[in-house]
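# Here is a sequence with its predicted model. Questions after.
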Amino acid sequence: MIEPEEEDEAETVARAELVMDLRRQNVAGRATLAALESVPRSLFLDAPHKSLAYRDRAAPIDCGQTISQPSVVAMMTEALALEPHMRVLEIGTGSGYQCAILARLAAEVVSVERYRHLSELAAARLAVLKITNVSLHVADGHDGWPAGAPYDRIIVTAATEAIPAALVDQLAPEGILIAPVGPAGGVQELMRCRHGAGGLVGERLADVRFVPLTPGIARIL
Ligand code: SAH
């Protein structure tokens with residue numbers, strides 16, 4: 001069980017400094033930065049990696065996966081242009097950190113993860129923060145989560161060569177989808193996409209490195 005942690009002052013200061021640094025980098029606006037300031041990233045890291053919580057870098061989590069770099073979380077969140085009434089689908093729950101940030105800014109978040117272990121850990125962490133507007137599912141994110149469609153926003157937090165057709169189908173007509181598009185193990189282009197005349201049309205936001213979107217539910221959970 002994960003107990004609520006007494007946050008010491010040093011941690012609060014470290015988080016505020018990270019958020020100030022992100023503000024200087026101009027990667028996100030006020031609401032996104034406030035959300036980042038309100039979520040203790042250390043809660044989403046295991047003990048050996050907690051010292052990395054307020055550095056602007058990715059860090060290892062269980063199952064060989066990673067928690068994204070705070071500046072990338074900030075940039076992706078900002079690019080979604082969330083409004084408080086919106087419903088969001090996230091592919092790749094991972095630690096649950098990005099999910100917690102989304103939950104602060106949107107009405108409802110549905111998040112899909114292929115490792116049951118990660119999904120359960122994320123659920124426990126979100127419960128510590130008393131976040132209740134999230135539903136987590138263990139499934140293959142290539143299929144999205146049709147039961148909750150359409151979504152105003154879709155965020156894919158794993159690298160894919162092509163945006164899965166199911167996600168395009170589940171995106172609302174005026175919706176925005178963000179995904180790192182490119183080869184596994186290399187550099188991907190973070191794309192912001194909308195429905196266009198002949199399918200999705202996208203703009204390139206930045207170069208990023210994500211772990212791959214892997215087919216199927218994990219065999220070892
Ligand atoms: N958003 C996460 C970062 C996730 S790393 C965070 O804030 O911590 C990418 C995650 O996508 C990993 O947990 C990986 O297991 C998951 N993933 C990879 N392929 C997937 C698939 N097909 N369906 C669902 N999740 C997938």
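Okay, I see it.

# use CA for all of it now, contacts and neighbours both
Noted.

# Isn't residue 80 up against residue 175?
No: using C-alpha atoms under 8 Å, residue 80 is not in contact with residue 175; the gap is 9.2 Å.

# residues shared between the contacts of those two?
Residues touching both residue 80 and residue 175 (C-alpha atoms under 8 Å, 6 or more residues apart in numbering): residue 153.

# residues contacting the residue most central in space within the chain?
The geometric centre of the chain, computed from its C-alpha atoms, lies nearest to residue 98 (C-alpha atoms, centre = their mean), at 3.4 Å. Residue 98 sits next to residue 73 when contact means C-alpha under 8 Å, 6+ apart.

# ok, now how distant is it from the ligand?
Distance from residue 98 to the ligand, counting by C-alpha to the nearest ligand atom, to the nearest Å: 4 Å.

# Name the residues of the helix or strand where that residue lies that are buried.
Assigned by DSSP states H and E, residue 98 falls within helix 97-105. Within helix 97-105, the residues scored as buried using 16 or more other C-alpha atoms under 10 Å are 97-105.

# ok, then the element right after the lowest-mean-pLDDT helix or strand in the chain?
Least confident helix or strand of the chain, by mean pLDDT, DSSP states H and E, is helix 9-25 with a mean of 93. Following helix 9-25 in sequence order, the next helix or strand is helix 30-38 (DSSP H and E).

# What residues sit buried inside that next one?
Buried positions in helix 30-38, judged by neighbour count with 16+ other C-alpha under 10 Å: 32-38.

# Now flag whichever of those residues is closest to residue 180.
Lowest distance from residue 180 to these (C-alpha to C-alpha) belongs to residue 32, with 19.7 Å.

# Surely the closest one and residue 77 touch.
Yes: using C-alpha under 8 Å, residue 32 makes contact with residue 77 at a distance of 6.7 Å.

# and the direction of the least confident helix or strand of the chain versus that of helix 30-38, what angle?
160 degrees (axes from the mean of the first three to the mean of the last three C-alpha atoms, to 10 degrees).
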